[in-house]
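**Student:** The amino acid sequence is not available; the structure is as follows:
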């Protein structure tokens, strides 16, 4: 995973990059990534975003330690170019919408500078033990708002 310093990112100031090694076992007989791996990698990148922005607190810790779940209610992915083991997959990840009880992340996957997929992933905040809708805690909301790029919600 690599999170570039803001000075190096310029216009991409709040885009987090998560690096994934695509392996032979991730591929189908056509020698490209199984379609089902792509949402997995996108969700892995979102989890890594949480960990980087919340000082090591990812989905597991949010659920277990803070009783906060974030089940997904929508995933939309547009495929642009095949993914292979030839290059690292760089998942550029950022929140693009924060509602009262929901959050949408944008994840764009690149290999060798080529856009392979782009997607939006929406989840709702819930009290994990009751699985009831909840507002995100103020500290979490502040972190998300600090990195929100709503112009990319389109």
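**Tutor:** Received, thanks. Being a predicted model, the structure only gives us computed values, none of them experimental. Numbers count the residues shown, from 1 in each chain.

**Student:** C-alpha from now on. contacts and neighbour counts both.
**Tutor:** Will do.

**Student:** where's the residue located most distally from the centre of the chain, which helix or strand?
**Tutor:** The C-alpha centroid of the chain is most remote from residue 29, which lies 27.6 Å away (C-alpha atoms, centre = their mean). Secondary structure from DSSP states H and E places residue 29 outside every helix and strand.

**Student:** which residue ranges form the strands in the chain?
**Tutor:** Taking DSSP state E to define them, one finds strands in the chain at 16-20, 68-69, 72-79, 89-98, 102-111, 114-124, 126-127, 132-133.

**Student:** can I get these in a markdown table with distance to residue 38 and mean pLDDT?
**Tutor:** Formatted as a markdown table, these follow (distance: least, C-alpha to C-alpha, whole Å; pLDDT from 0 to 100):
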| stretch | distance to residue 38 | mean pLDDT |
| --- | --- | --- |
| strand 16-20 | 11 | 98 |
| strand 68-69 | 22 | 98 |
| strand 72-79 | 9 | 98 |
| strand 89-98 | 10 | 97 |
| strand 102-111 | 9 | 98 |
| strand 114-124 | 8 | 98 |
| strand 126-127 | 25 | 98 |
| strand 132-133 | 27 | 98 |
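
**Student:** quick one, which of these is nearest to residue 143?
**Tutor:** Of all these, it is strand 89-98 that lies closest to residue 143, at 10.3 Å by C-alpha to C-alpha.

**Student:** Adjacent strands (with direction) for the closest one?
**Tutor:** strand 16-20 (antiparallel), strand 102-111 (antiparallel) (DSSP bridges).

**Student:** ok, residue 75 - how many residues close by?
**Tutor:** By other C-alpha atoms under 10 Å, the residues close to residue 75 number 13.
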